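Student: Kindly generate the corresponding structure for this input.
(one chain, ligands or ions: 1)
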Amino acid sequence: MEYNISVLIPEEEVDKKVREIAAKISEDYAGKTIHLICILKGSVFFACELAKRITVPVTIDFMSVSSYGAGTKSSGVVRMVKDLDEPLEGKHVLIVEDIIDTGRTLAHLIELFQTRKPASVKLCTLLDKPERRIKPIEVDYTCFQIPDKFVIGYGLDYDQKYRNLPYIGVVEFVEEEN
Ligand code: PRP
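Tutor: Residues are numbered from 1 along each chain as shown. Predicted coordinates:
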């Protein structure tokens, strides 16, 4: 299918917002160490940019999950592909996501992480599509709320491509004429 890519949020705007959120996080966590959890793959770009700008000590760990079901539509069942390397007990966990859509992934992960007895759990996302929410999620830090469009770049993919775009783009499919 043919498609075009247009810019939704330019690189400069994303960078500015990431700096602002990192400053707010640094202030909120003053005197603490943040245990940053990056949810692969999408959040890796955002997590790195954010971590570089946080001024309190940061440790980092990675988890990989996938939603799967019959056909191409997600069933909402979250399967763990790679667990964290480190325990969470007593740590100030900050989950970093590239996007929150239905909220199913995060609802599942927050519940799982709470069983591991962290000192606290907060959530930071680059993008949020509130109108798509199925599971209510309390988001502590949001860079941008966006409409329900097919977004790519800054970690987000279309068929595994375009994660490396430095801006947030939108994929617009070209209607084929009969
Ligand atoms: C995206 C995103 C979240 C999840 C959000 O990951 O990174 O983990 O979807 O969707 P939800 O709110 O509806 O649960 P995706 O499954 O696309 O994997 P990827 O990060 O490896 O591209």
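
Student: Tell me, how many residues neighbour Leu84?
Tutor: Applying other Cβ atoms under 10 Å, we find 17 residues neighbouring Leu84. In short, each C-beta sits where N, CA and C put it, glycine included.

Student: isn't it right up against Asp61?
Tutor: Yes: using Cβ atoms under 8 Å, Leu84 makes contact with Asp61 at a distance of 4.7 Å.

Student: Quickly list what's touching both of those two.
Tutor: Ile37 (Cβ atoms under 8 Å, 6 or more residues apart in numbering).

Student: So what does Glu20 have for phi and psi?
Tutor: phi -60, psi -50 (degrees, to the nearest 10).

Student: what does the one 5 residues further on give?
Tutor: Dihedral angles phi and psi of Ile25 (degrees, to the nearest 10) take the values phi -60, psi -40.

Student: Who are the contact partners of it?
Tutor: Ile34, Leu50, Ile54, Leu94, Cys124, Tyr141.

Student: if we go to 6 Å?
Tutor: Ile25 makes contacts with Ile54, as judged by Cβ atoms under 6 Å, 6 or more residues apart in numbering.

Student: now it: how far from the ligand?
Tutor: 19 Å (Cβ to the nearest ligand atom, to the nearest Å).

Student: Enumerate the residues of this structure near the ligand.
Tutor: Counting by Cβ under 6 Å from any ligand atom, the residues of the chain close to the ligand are 39-43, 66-67, 97-105, 157.

Student: which residue ranges form the helices in this structure?
Tutor: 11-28, 44-53, 104-114 (DSSP state H).

Student: Could you work out which of the ones you listed reaches nearest to Gly169?
Tutor: The closest of these to Gly169 is helix 11-28. By Cβ to Cβ, the value is 10.5 Å.
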